[in-house]
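In: whatever this is, show me its structure:
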Amino acid sequence: MRKNFSYLFLFLFSSTLTAEIIPEEAYVLGVHPYVTAKELLKRFTPLIDYLTNKLEQPVVLRVAKDYASHIKLVGENKVDIAYMGPVPYVKLVKKYGYKPLLAKIQVKGKSTFQGAIIIAENSPIKTITDLRGKGFAFGSPNSTMSHFVPRFVLWQFGITTSQLNHYKFIKNHENVVWGVLLGEFEAGAVKKDVFNQYAQTGIKILTLTPPIAVHVFVATQNFPVEKLDKLRTLFLNINTHSQAKTILTSIKKSITGMAEVKDEDYDELRNILETVANLAPINK
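Out: Okay, here's the model as predicted:
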């Protein structure tokens, strides 16, 4: 049976996934494409094996072609279970309404994460207001901690992108670090974890962002209502399972557990996204 499941997973990744391909009795776990499909298969297989065993029905993986497609698939109940980042989750609820929440991840024991606005270690900049007229590096336009949240922080201190000397989206957090280190930008925004990785290279934190709720697992209206409580319990019980470390760290090395979640956990992020959406458009 295990060989059949493995073959099915690989087939899904190499083909367009249609309703005809999925076994009728299978549950579909939807994931956004934050790494390659092959890598996602590797990362989520321990969780899939755990759920398949406990639910006594096969669970298969569906990787959306992009983030927007993932939100649409979950919103239209084309998957049964989904793993979602905080921003996609907020966008999902705004467009499609509430979905049954299962659990949120814990990273190093916490269910929130923070970003950092960084500057060079020898920079004369002392406060956020000193960034007016300076260069600023963002990561991806869709990034929580490398765009939306730090842009909100700048706005709180009265700084809009039009008041920066220049700014640019340079794809990822690592590029932001190097942009600041090489002097192309006076400041930039990264996840705190990324800063910690590069803390000894010549950068320092100017300010930390507000803490934001982390990734979440949700169910859709396609999942049987009578089994929702069982599914939620299965996610929360991963913490005490004999293979907990393998299941969790396979998804992401820093994940240490699952925690109860409620929609209000994402209200801070909602406020930030709404504020940023009302600011003047920027060049991406």
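In: what sits closest to Ile282 if chain neighbours are left out?
Out: Thr161 (5.0 Å; C-beta to C-beta, 6 or more residues apart in numbering). For the C-beta atoms, the positions are set from N, CA and C on the backbone; glycine is no exception.
In: now do His70
Out: In space, His70 is closest to Ala64, 3.6 Å off (C-beta to C-beta, 6+ apart).
In: that neighbour: neighbouring residues, count only.
Out: Burial of Ala64 is recorded as 21 neighbouring residues (other C-beta atoms under 10 Å).
In: next one: Glu274
Out: Glu274 - counted by other C-beta under 10 Å - has 12 other residues nearby.
In: and it, that's in a helix?
Out: Yes: counting by DSSP: H, G, I helix; E, B strand; the rest coil, Glu274 falls inside a helix.
In: quick check: it vs Ala37, distance?
Out: To Ala37, Glu274 is 33 Å away according to C-beta to C-beta, to the nearest Å.
In: give me phi/psi at Ala219?
Out: Here is the backbone geometry of Ala219 (degrees, to the nearest 10): phi -110, psi 170.
In: what's the separation between it and Ile282?
Out: Noted for Ala219: a distance of 35 Å to Ile282, by C-beta to C-beta.
In: neighbour-wise, which of the two wins?
Out: Ala219 (24 against 16).
In: quick one, what contacts the nearest residue to the more buried one once chain neighbours are set aside?
Out: Counting by C-beta to C-beta, 6+ apart, Ala219 lies nearest to Pro100, which is 4.3 Å off, once chain neighbours are set aside. Contacts for Pro100 (C-beta atoms under 8 Å, 6 or more residues apart in numbering) come out as Val218, Ala219, Thr220, Gln221, Phe223, Leu228, Arg232.
In: check Ser69 too.
Out: By C-beta under 8 Å, 6+ apart, Ser69 lies in contact with nothing.
In: helix/strand/coil for it?
Out: helix.
In: what bits of the stretch 151-284 of the chain have low per-residue confidence?
Out: Within the stretch 151-284 of the chain, the stretches with pLDDT under 70 are 284.
In: change it to 90
Out: 171, 193, 279-284 (pLDDT under 90).
In: in it, which spans are strands?
Out: 166-169, 187-191, 203-208, 212-213, 216-219, 255-259 (DSSP state E, counting those that start in this stretch).
In: what pairs with the shortest one, parallel or antiparallel?
Out: Under the criterion DSSP bridges, strand 212-213 sits next to strand 112-113 (antiparallel) in its sheet.
In: before we move on, back to that, could you list every residue that touches the residue nearest to His70?
Out: So Ala64 contacts Gly30, Val31, His32, Pro33, His70, Lys72, Leu73 (C-beta under 8 Å, 6+ apart).
In: those residues in strands, which ones?
Out: Gly30, Val31 (DSSP state E).
In: in CSV: the contacts of Ala64, plus distance to Lys94 and pLDDT.
Out: Converted to CSV, the contacts of Ala64 look like this (distance: C-beta to C-beta, whole Å; pLDDT from 0 to 100):
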residue, distance to Lys94, pLDDT
Gly30, 18, 96
Val31, 21, 95
His32, 17, 91
Pro33, 21, 88
His70, 15, 95
Lys72, 13, 96
Leu73, 16, 96
